[in-house]
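In: okay, sequence plus prediction incoming.
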Amino acid sequence: MSGSTRQSGTGDRAEAPRRTTACYVYGILPEDVEIDEEAVGVGEPPGRVTVVRHGEIAALVSDVDADRPLGRAQDLVAHEQLLDEAAAEVPVLPLRFGAVMTTPEAVVEELLAPHHDSFAAALKQIEGRAQFVLKARYAEQPVLIEILTGNAEARQLRERIAQLPEEVTRSERIRLGELITQIIAAKREADTQAVIERFEPFCDGVVVRDPSHERDAAHVAFLVENDRQADFTRAVGELRSEWGDRVEVRLLGPMAPYDFVTT
Amino acid sequence: MTVAVPPAGGGGLPGRSSGSGLADVIDTILDKGLVIDAYVRVSLVGIEILTIDVRVVVASVDTYLRFAEAVNRLDLASQQQGLPDLLSSAPQSIARGKSKGVAQGVIEAAGEKLQDMLASYADERPAPRARRRTREED
């Protein structure tokens, strides 16, 4: 049985393990961007990041091995870090993780050239702005005490659960958890609205993200003009001290405007 | 406008200046940004992406049970400090506090006892700014 489908041909078996190189695309920037020689991106080993230009725009790309899966922690971080560092200096249209094309030429012919004008216009729009993400989360014990104190049903359920053996209180426990989730959702809605109203004056755009945790108080992306960054971060600091131990407030950024580019 | 982009730190999750963790990165770059499929069809390379789903299913039964458990622990921890008495004996004033909807209202309504308790909880907390839990692969 010679199913010898052995790549007939030149007997050039030095072609070691067949390796398909493809072109990973990070984002789109103005053509006059320069990239540091040492900038590396996704993949193992990490590919060197280069710039592919067309007209007024450019793409940040690097070679990747198309046969190896992407998505290790390092890959994810490399993607975001590269774009965020670029975004601190120039306008960037970030691509979602995992955009891979065949070659740099294809990037020009199929991505940059056909969409040149709309990308260039979008870059002008976000010029001088960067994104921040505010993540606020209720501290567990304070919020639970708040809820127990303010809700009679929750207190009754808690007592019943404490008095009876665990096996017979499953439905009470589920009801209590559901109630807590609902009350937190209402608090979240109110606090998210308060956050938006508070920061809107410093921002050119606001996007409310889905909560990423059941105790999220607010998860909001803001587009902030560079000139107003200082005012914005000062306002976040004020919010943080107002909320104190009740809510943990984190601010991520400046980063590329992931939430403000739309396909 | 000519700008040099500094190198991206090659490996691992070293101290990112913004203090964000892997979960934050995932929230952002797997979910947001331009989707290239919308622009390119021919030269796309289908590469396998190992996604790490850390999104919490909000409002699942697991979540409910976890909350109930946390409330239960809360009781145990505060038994000597009299939370049950305090709560059942002060429904009136508590209802007043409720309309304020913030910790301050709660504290005013429930009085010193609860205030002490809140303070002791604050002391027990291992760190004031606990980082978010991340399920880190790797």
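Out: Received it, and whenever you're ready, just let me know what you need.
In: for the residue lying closest to residue A:203 once chain neighbours are set aside, pull up the helix or strand it's in.
Out: Spatial nearest neighbour of residue A:203, chain neighbours left out: residue A:222 (4.6 Å); criterion: C-beta to C-beta, 6 or more residues apart in numbering or on different chains. Yep, even glycine has a C-beta here, placed from its N, CA and C like the rest. Using DSSP states H and E, residue A:222 sits in strand A:216-225.
In: what comes up buried for that strand?
Out: A:216, A:217, A:218, A:219, A:220, A:221, A:222, A:223, A:224 (16 or more other C-beta atoms under 10 Å in any protein chain shown).
In: my read: the first one touches residue A:137, true?
Out: Yes. With the criterion set as C-beta atoms under 8 Å, residue A:216 and residue A:137 qualify as a contacting pair; they are 5.6 Å apart.
In: report the separation between the residue nearest to residue A:69 when sequence neighbours are not counted and residue A:233.
Out: Leaving aside its chain neighbours, residue A:69 sits nearest to residue B:48 (3.8 Å; criterion: C-beta to C-beta, 6+ apart). According to C-beta to C-beta, to the nearest Å, residue B:48 stands 39 Å off from residue A:233.
In: the residue of chain B found nearest chain A: what secondary structure?
Out: Minimum separation of chain B from chain A (C-beta to the nearest C-beta) falls at residue B:64, amounting to 2.6 Å. Three-state call for residue B:64 (DSSP: H, G, I helix; E, B strand; the rest coil): helix.
In: could you report the pLDDT at the closest residue to chain B within the stretch 51-200 of chain A?
Out: Closest contact between the stretch 51-200 of chain A and chain B, by C-beta to the nearest C-beta, is at residue A:177 (2.6 Å). For residue A:177, the model assigns a pLDDT of 96.
In: now do the regular element (helix or strand) spanning it: which elements does it pack against?
Out: Secondary structure from DSSP H and E places residue A:177 in helix A:170-199. Contacts defined by 3 or more C-beta pairs under 8 Å, 6 or more residues apart in numbering or on different chains; DSSP states H and E place helix A:170-199 against strand A:129-138, helix A:140-150, helix A:152-163, strand A:205-208, strand A:216-225, helix A:229-243, helix B:61-78.
In: could these go into a markdown table alongside distance to residue A:253 and mean pLDDT?
Out: Listed next are the helices and strands packed on helix A:170-199 as a markdown table, based on distance: least, C-beta to C-beta, whole Å; pLDDT from 0 to 100:
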| stretch | distance to residue A:253 | mean pLDDT |
| --- | --- | --- |
| strand A:129-138 | 4 | 97 |
| helix A:140-150 | 26 | 95 |
| helix A:152-163 | 36 | 95 |
| strand A:205-208 | 13 | 97 |
| strand A:216-225 | 8 | 97 |
| helix A:229-243 | 9 | 96 |
| helix B:61-78 | 28 | 82 |
